[in-house]
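Asker: Have a look at this prediction, sequence included:
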Amino acid sequence: MAGELIYAFRIMRLPLLDAGGAAIGRIDDIVVVPGRLGTAPRVTGFVATSQRRRIFVNANRVISLDTEGARLRSWDVDLNPFKSRDGEHLLQADIIDKRVTGETVSDVALRPTVNARETGWEVAKVRLTRSGLFGRRNTYRLVEWNEVGGLFAAPTEMAAEAARLRDMHPSDVAGVVRALPLAQRQLLAKEMDDDRLADLLEELPEQEQLALISNLDLDRVIDVLEEMEFDDLADLLAEMPAQRRAEVLEAMDDEDADVVRSLLSYAPGTAGALMTPEIIIMSSNATVAEALAQVRDPEWLVSIAAQVFVVQPPLRAPTGQYLGVVHVQRLLREPPSTELARCLAKEPTVSANMSDREVAEFLASYNLLAVGVCNEAGHLLGAITVDDVLDRMLPADWRQRRRQAVQP
C-alpha cells in the first residue's frame, strides 16, 4: 500500500503475522506520538494480542502493513505486557470517538513514510462525522491532521519527546539527548521510564550521567540506578562526590550495595573494575535444557548469553571452583538431558588485577565474547565482555564522533 492512505479501522483487528506469514495474533490499536516542530504525528508501534497477552510491537519491526495483516521482519516476539506512557496516544482508545467542535472523530488515515534508516507511518488525515438532525443522514469530511492538531498534543513537550524516543536504540537516544541544552536534558530525564533512563546513562560519559540525574530526588535516582548493569553503575558511583555516593549506597538494596562496593574496591584500569558479576553461572550437573532456558531470558545481554560459566557450588560470585565454560553453539548440538560436565570447554580466565589492555589482548587472542575473572583460589568473581573492553579501549569521544558520522 505504498503511497496510499490506510485507515486505522482497516488496520485494527488485522492479523499479526510472523516473518513467514503465519498468524500469531491480532492488531488491537495503534500507538502514535506528536511530531517535532509541526510535523505529523508518528506511528511508533501497534498494540497486539498474542498468546493471550496484550503486547507492544515496534513499528520498525513491521515490514509490511496491508489487507493481509501486519507482517514482522523477524520471527521473535517480545511478549512483555504493553504499558501506555505519557506522551503517547492510542488511536482506538484515545482518539476515535473523541468530540471536536461538534463533530466526532470516526477514523484516522495513515500514510507510509520512508527515510534513510527505516520505513514507517504517520498520521495524514482525520475523518470527522457530524450527526444528522431530525432524521437526516450523518455527514462526513476528511481534514488534514493539523486542522485538528490538538487531538495529538502531549501533556508536555518533554513527555512527547520521551515517547518519541521510546524504542530507539539507547546509543541513538544519547545522540538526541546530547544535542539538547542541559535544562531540557534534565526535564527529559524526569519524563523517561526508569529502565530507559538507565539504558541512556550507560551510553553517556560519567560526568554527563551525573549532570543528567542531578535534579532527581534520591528515591528516583535509586530506582534508575538499580536498572543499570553493575559495572556501569560502579563506574558512575566512582565519579560521584563521596557524600552523595554514600547516600546512594545506604539507600540501595543491601545485597546490591555490597556488590557495588566490591567492584569499587578494584583499581581503575584493571579487570576487576571492568567485570560484571551478573553472568550465567550453573553447576556441572545442570542439564543442557536448563542452561538453554537461562540463555533464552531476554534480559541477558547478547555477550553474556553467549556462554554459561560452570562452577562448583556456591553458584553466586565468589563461586566455588571454576570448572569451565559451555558456549551456546555447543548447547544447541547436545541432547537436552546432557549434563554440562560432559560439554565443558576448559577456557582460561584472567585475574582481577590484570590491566584492561591485557584483557583486550586476551579476548582477541582467544576470540572470546566474554572471559571469566577468578581470584587466586580459582573462584569465579565475574566476567568481562568484549563490548565493555571496546568501550574502555576506544578514545573518550568515540561515541560523539560516531553519532556525527551517521547523521542523515
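Answerer: Structure received. Please read all numbers here as calculations on a predicted model, not as lab measurements. Residues are numbered from 1 along each chain as shown.

Asker: Every contact and neighbour count from this point should use C-alpha atoms.
Answerer: Noted.

Asker: Now the element after the helix or strand harbouring Gln209, going C-ward?
Answerer: If you go by DSSP states H and E, Gln209 is part of helix 206-213. The element immediately downstream of helix 206-213 (helix or strand, assigned by DSSP H and E) is helix 218-225.

Asker: CA atoms of that next one as CSV?
Answerer: Provided in CSV are the C-alpha atoms of helix 218-225 (Å, rounded to 0.1, in the frame of the first residue of the first chain):
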residue,chain,number,x,y,z
LEU,A,218,17.2,10.3,45.9
ASP,A,219,14.3,7.8,45.6
ARG,A,220,14.1,8.3,41.8
VAL,A,221,17.9,8.1,41.5
ILE,A,222,17.9,4.7,43.3
ASP,A,223,15.1,3.4,41.1
VAL,A,224,17.1,4.3,38.0
LEU,A,225,20.5,3.1,39.2
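
Asker: How far does that helix sit from its chain's centre?
Answerer: 18 Å (C-alpha atoms, centre = their mean, to the nearest Å).

Asker: contacting residues for Ser351?
Answerer: Ala271, Gly272, Val373, Cys374, Asn375, Glu376 (C-alpha atoms under 8 Å, 6 or more residues apart in numbering).

Asker: A helix includes Ser262, no?
Answerer: Yes - counting by DSSP: H, G, I helix; E, B strand; the rest coil, Ser262 is found in a helix.

Asker: Would you mind measuring from it to Val57?
Answerer: Applying C-alpha to C-alpha, to the nearest Å, the value for Ser262 to Val57 is 39 Å.

Asker: hang on, the earlier thing: in the helix holding Gln209, what's buried?
Answerer: Across helix 206-213, burial judged by 16 or more other C-alpha atoms under 10 Å covers Glu206, Gln209, Leu210, Leu212, Ile213.

Asker: Please identify the helix or strand for Asp387.
Answerer: helix 386-393.

Asker: Show me the shaky parts of the chain.
Answerer: Scanning the chain for pLDDT under 70 picks out 1-3, 115-119, 132-135, 396-408.

Asker: domain parsing for it?
Answerer: 6-152, 168-265, 281-392 (automatic domain parsing).

Asker: Return the residues in contact with Ala159.
Answerer: Asp86, Gly87, Leu188, Glu191, Met192.

Asker: Is it within a helix or a strand, and which one?
Answerer: Judged by DSSP H and E, Ala159 forms part of helix 157-164.

Asker: How far does that helix sit from its chain's centre?
Answerer: Its chain's average C-alpha position is 17 Å from that of helix 157-164, according to C-alpha atoms, centre = their mean.

Asker: quick one: Gly372 and Thr276, what's the gap?
Answerer: For Gly372 relative to Thr276 (C-alpha to C-alpha), the value is 10 Å.

Asker: again, but for His379
Answerer: Per C-alpha to C-alpha, His379 is found 15 Å from Thr276.

Asker: about what we covered before: which neighbours do Gly372 and Thr276 share?
Answerer: Common neighbours of Gly372 and Thr276, using C-alpha under 8 Å, 6+ apart, are Gly382, Ala383, Ile384.

Asker: Among these, which one has the most neighbours?
Answerer: For these, the largest number of neighbours (other C-alpha atoms under 10 Å) sits with Ile384, at 28 neighbours.

Asker: can you tell me the helix or strand for that one?
Answerer: strand 380-385.

Asker: elements contacting that strand?
Answerer: strand 370-374 (3 or more C-alpha pairs under 8 Å, 6 or more residues apart in numbering; DSSP states H and E).

Asker: The same query, at a cut-off of 10 Å, please.
Answerer: In terms of contacts (3 or more C-alpha pairs under 10 Å, 6 or more residues apart in numbering; DSSP states H and E), strand 380-385 is packed against helix 271-274, strand 307-311, strand 322-327, strand 350-351, helix 356-366, strand 370-374.

Asker: Can you give the distance from it to the centre of its chain?
Answerer: Strand 380-385 sits 23 Å away from the centroid of its parent chain (C-alpha atoms, centre = their mean).

Asker: ok, now stretch 185-200?
Answerer: That offset, for stretch 185-200, works out to 12 Å (C-alpha atoms, centre = their mean).

Asker: out of His379 and Thr276, which sits in the more crowded spot?
Answerer: A count of neighbours by other C-alpha under 10 Å puts Thr276 above the other of His379 and Thr276, at 25 against 20.

Asker: Pretty sure the more buried one sits against Phe230.
Answerer: Yes - counting by C-alpha atoms under 10 Å, Thr276 does reach Phe230; the two are 6.0 Å apart.

Asker: Overlap in contacts, those two.
Answerer: Counting by C-alpha atoms under 10 Å, 6 or more residues apart in numbering, the shared contacts of Thr276 and Phe230 are Val259, Val260, Leu263.

Asker: Quick check on these: which are buried?
Answerer: For these, buried by 16+ other C-alpha under 10 Å: Val259, Val260, Leu263.

Asker: The last one against Glu229, yeah?
Answerer: No - using C-alpha under 10 Å, Leu263 and Glu229 do not qualify as a contacting pair, with a distance of 11.9 Å.

Asker: Identify the contacts common to those two.
Answerer: By C-alpha under 10 Å, 6+ apart, the residues touching both Leu263 and Glu229 are Thr276, Pro277.

Asker: What number of residues are in the vicinity of Asn138?
Answerer: For Asn138, the neighbour count with other C-alpha under 10 Å is 10.

Asker: ok so, going back, next, format the contacts of Ser351 as JSON lines and append distance to Val32 and neighbour count.
Answerer: Listed next are the contacts of Ser351 as JSON lines, based on distance: C-alpha to C-alpha, whole Å; neighbours: other C-alpha atoms under 10 Å:
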{"residue": "Ala271", "distance to Val32": "45", "neighbour count": "27"}
{"residue": "Gly272", "distance to Val32": "44", "neighbour count": "29"}
{"residue": "Val373", "distance to Val32": "46", "neighbour count": "27"}
{"residue": "Cys374", "distance to Val32": "49", "neighbour count": "24"}
{"residue": "Asn375", "distance to Val32": "52", "neighbour count": "17"}
{"residue": "Glu376", "distance to Val32": "55", "neighbour count": "8"}
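
Asker: Output the residues you listed in TSV; the columns should cover distance to Thr104.
Answerer: Shown next, in TSV, are the contacts of Ser351 (distance: C-alpha to C-alpha, whole Å):
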residue	distance to Thr104
Ala271	63
Gly272	62
Val373	64
Cys374	67
Asn375	69
Glu376	73
